[in-house]
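Peer 1: pasting the sequence and the predicted coordinates here, then a few questions.
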Amino acid sequence: MSTAADPPTEADPERVASALSGAAFVRMYPRPTGDALAAAGVLARALDERGTPFQVRTTRGDAVPDGDGSALAVGWPAPNATGIAPGSRPVSAVAAAIADALGADPDPLVGLAGVVAAGTVSGDGASGGLLEEAERRGVVDRRPGVAVPTADLADGLAHSTLIRTPYSGDAEAAREVCADLGIADSDGDDLDEGDHRRLASAVALDATADATERAVSAVERALRPYATPTGPFATLGGHADVLSALARERPGLGVALALGGDVADAALATWRDHAARVHEALADPTTGRYDGAFVARVEAAPADAPALAAAARLVHDYASPEPVALVVSDDAAAAASDGSSDVTAALGAGVDATTDSDEGDRDDPAGVDRDGEHAAVIGDDRLGEARFAGGDVQAFIGAFREALR
């Protein structure tokens, strides 16, 4: 079965704005991704500017719940609601265009954080207007260095999920790296441009040593960051990293952050915990290379399942010689690709094979909430995640690989 990705269908900002402009109440249901949460934040602020009441609640469901008002699915195509599905542009950039069509001023910092969380460079993916507005307002300032959310660079390097280095997950090792570079206190607020350049060069070399060619492009996205002097975090890339972590671990807190809540301390604590899970999962994987896919078997508890999507992205960007990377534990998996194959469809095939082998029910897999709100498999062609009943993992891998052909 081929899972080649179909051409993305773009949401029409004017059509969505028209649906929202006459709404008395809007219920937004973003997918738990950093891009979708940022998009919901942009739209919520636009609705608030217009005086339109709204509610934001993340969902893994296949359809939006019933309720009053107008429903909007953000980051996925719902059959029973207006939808902003993933396409060639980050949904946060589409949300900014919708806000423009509504006559509101989209928040450029939140929108750009979503763009970066989607894996797109600021200014690309139809986000040029957001970047220009952010520069005009003075809320971003490009400088040398590495994109981390904290002023403490060692803390940022150890917990970043934008990069994969020998000191990922190890704050003391990261602090030693900073000290060796003459950045003893590792406080980014006290560094000059030369310090930032030395650190960026060291990180680039450490992230790409013995790595695939793809790692060069991946690490470049974390270098020469946009500092955000008025934002909740030190850099735009760091903001995106925190937002993505919250989307997976504490989506309600992620919504609060996207809406401008004063939750930076709680957000950073969640980000550190999430990053620790991600890097611990990748500390000693069992790997296998197949035609078209690189597989990493990891030890992870069911509670660690939210970390696997970031782990799969890091494996794809820094370790996989194949276009698809699969990270799989005993009862969860995530996959990342370059978009040439639909990894979420392939994950669905793996779940089918695993639950069939257990004579289980695909609609009620163990490890997935049974209240009808969560789906076993969610994602898009580039990044997806699955939860299953802890059946035959080899059957899961085999079905996943077969679906990619």
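Peer 2: That came through, no problem.
Peer 1: okay, CA-based contacts and neighbour counts for the rest of this
Peer 2: Fine.
Peer 1: now do the same contact list for Pro285.
Peer 2: Under the criterion of CA atoms under 8 Å, 6 or more residues apart in numbering, the contact list for Pro285 reads Ala296, Arg297, Val298, Glu299.
Peer 1: make it 10 Å
Peer 2: Contacts of Pro285 were listed using CA atoms under 10 Å, 6 or more residues apart in numbering, and they are Val295, Ala296, Arg297, Val298, Glu299, Val327, Val328, Ser329.
Peer 1: residue ranges for the helices of the stretch 301-405 of the chain, please.
Peer 2: For the stretch 301-405 of the chain, the helices identified by DSSP state H, counting those that start in this stretch occupy 308-318, 343-357, 393-404, in order along the chain.
Peer 1: can you put the ones you listed in TSV and add distance to Asp100?
Peer 2: Rendered in TSV, the data for the helices of the stretch 301-405 of the chain read as follows (distance: least, CA to CA, whole Å):
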stretch	distance to Asp100
helix 308-318	32
helix 343-357	32
helix 393-404	39
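Peer 1: comparing the ones you listed by mean pLDDT, which bottoms out?
Peer 2: Comparing mean pLDDT across the helices of the stretch 301-405 of the chain, the lowest value falls on helix 343-357: a mean of 86.
Peer 1: now do it: which elements does it pack against?
Peer 2: Helices and strands in packing contact with helix 343-357 are listed as strand 324-328, strand 332-337, strand 377-379, strand 383-387, helix 393-404; criterion 3 or more CA pairs under 10 Å, 6 or more residues apart in numbering; DSSP states H and E.
Peer 1: repeat that with 6 Å
Peer 2: helix 393-404 (3 or more CA pairs under 6 Å, 6 or more residues apart in numbering; DSSP states H and E).
Peer 1: so where's the stretch 151-300 of the chain shaky on pLDDT?
Peer 2: Residues of the stretch 151-300 of the chain meeting the criterion pLDDT under 70: 184-189.
Peer 1: try it again with 50
Peer 2: For the stretch 151-300 of the chain, applying pLDDT under 50 flags no range at all.
Peer 1: all strands of it, in order?
Peer 2: Counting by DSSP state E, counting those that start in this stretch, the stretch 151-300 of the chain forms strands over residues 226-227, 286-290, 293-297, given from the N-terminal end onward.
Peer 1: quick one: those as JSON lines, columns for distance to Asp105 and mean neighbour count too.
Peer 2: JSON lines is the format used below for the strands of the stretch 151-300 of the chain (distance: least, CA to CA, whole Å; neighbours: other CA atoms under 10 Å):
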{"stretch": "strand 226-227", "distance to Asp105": "21", "mean neighbour count": "24"}
{"stretch": "strand 286-290", "distance to Asp105": "47", "mean neighbour count": "12"}
{"stretch": "strand 293-297", "distance to Asp105": "43", "mean neighbour count": "23"}
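Peer 1: determine which of those approaches Gly238 most closely.
Peer 2: The closest approach between Gly238 and any of the strands of the stretch 151-300 of the chain, judged by CA to CA, belongs to strand 226-227 at 9.3 Å.
Peer 1: list the contacts of that closest one.
Peer 2: Outside of strand 226-227, the residues that reach it under the criterion CA atoms under 6 Å, 6 or more residues apart in numbering are Val140, Asp141, Arg142, Ala234, Thr235, Leu236.
Peer 1: which one (most neighbours) among these?
Peer 2: When neighbours are counted by other CA atoms under 10 Å, Leu236 leads those with 33 neighbours.
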